[in-house]
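**Q** I need the structure of the sequence given here:
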Amino acid sequence: MKFRAMNMGFGAHVDEVDLTSLTQDDVDRLHTALLEHGLLVIRNQKLSPAGQVRISEVFGTLETFPSGEGQLAEYPQIFRVASHPAKGHTNVGRYWHSDGSFRAEATPISIWYLVAQPATGGETLFADLREAYRALPDERKPAIDGLITLHRNGIRHPLVMRHPVTREPSIYFNVGLTGGVVGYTPEQFMALRTDLNDHLSRAGAAYVHYWREGDVIIADNFRVAHRATPISVDQHRILDRTTIRADGVYWGKAQK
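**A** Numbers count the residues shown, from 1 in each chain. Below is the predicted model:
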C-alpha cells in the first residue's frame, strides 16, 4: 500500500491496496493517513454492500438510518444517493457541509463507494477546513473564535472547532443547515454565511473528484467539508455512503 499526497495541501491517493484483504498494519496505516491528510482517495475497488460495511467498520462503529432512508433494506448502515429518485436520494448536499453536523455529537468520518458511474456530471468538491481557518486574515480570526452556530434543529457547534485528536482549529460550518449564530441578528448571520461560503469556494481551494466506478473516498469530517454538484436524472449514478458514529470512531477507542 502506497500513499501519494495531493498537491492541494490536503488529501492523498492510496495505491496498490485491496480493501477486502487488509492486514492490521494496513488498517493502522490508513488510520494514521486519514488524520494526516484528512481525505483518502482509493480507486479500483470491488465492494458488495456487505463488503462496504465491513471495510467501513475498520474506522469505527457505523451509524444506521431509519427504515425508508437506507434504501438497501438489509443494510441500514448504507445511505444511498442516486441521480434518479427511484434509485436513491437525489439533490443531496449541494452546499458546503460535513455529514452529520446536525447531530449533537457530530459525525466524524464519512466513507463513499461509487456503485454506478455516470457518463457525465456528479462531481464532488472537497475543501480543507483547517486551511480555510489558516487562510483568514489574522485580524479576522478573533471575530469568529468563540462563535456558536445554531443548526435549524437547535443543535449547537463552535464555528471554529478544534480537531479532537490533532487539536488543530478549523472552520466547521454547514452552509445549508445552519440557521443562525448565537448573539447575531439574522442580517449579521446571513452576511457571515455568505462570507464563509465564498471563502470555502475561493479559487484553487477545492479538490474536485471526478467519480469512477469502484472509487472509495474516506473523509475526516472535522478536517474536510464537501459539496455535491448537480447531475441530470438521465444519467445513471449510484453512490453509497457509510458514516462513523461519534461514540465509536477509531481514534476515540485509541485514546481510551
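
**Q** show me where pLDDT drops low in the stretch 51-200 of the chain?
**A** Within the stretch 51-200 of the chain, the stretches with pLDDT under 70 are 69-70.

**Q** Tell me which stretches of it form strands.
**A** Ranges of strands within the stretch 51-200 of the chain are 60-62, 79-82, 109-116, 124-128, 148-151, 156-158, 160-162, 169-171, 178-181, based on DSSP state E, counting those that start in this stretch.

**Q** and residue 227, how many neighbours?
**A** Residue 227 has 21 neighbours, counted by other CB atoms under 10 Å. (C-beta placed from N, C-alpha, C; glycine too.)

**Q** Between strand 109-116 and the helix or strand that contains it, find me the angle.
**A** Assigned by DSSP states H and E, residue 227 falls within strand 224-228. Between strand 224-228 and strand 109-116, the angle comes out at 30 degrees (axes from the mean of the first three to the mean of the last three CA atoms, to 10 degrees).

**Q** Buried residues in strand 224-228, which are they?
**A** 224, 225, 226, 227, 228 (16 or more other CB atoms under 10 Å).

**Q** so who does the first one touch?
**A** With contacts defined as CB atoms under 8 Å, 6 or more residues apart in numbering, the neighbours of residue 224 are 10, 11, 38, 39, 98, 126, 127, 128, 129.

**Q** Give the other helices and strands that the strand ranked longest in the chain contacts.
**A** Counting by DSSP state E, the longest strand found in the chain is strand 238-249. Under the contact criterion of 3 or more CB pairs under 8 Å, 6 or more residues apart in numbering; DSSP states H and E, strand 238-249 touches helix 49-56, strand 60-62, strand 79-82, strand 109-116.

**Q** can you redo the ones you listed as a markdown table with mean neighbour count?
**A** Formatted as a markdown table, the helices and strands packed on strand 238-249 follow (neighbours: other CB atoms under 10 Å):
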| stretch | mean neighbour count |
| --- | --- |
| helix 49-56 | 19 |
| strand 60-62 | 20 |
| strand 79-82 | 22 |
| strand 109-116 | 22 |
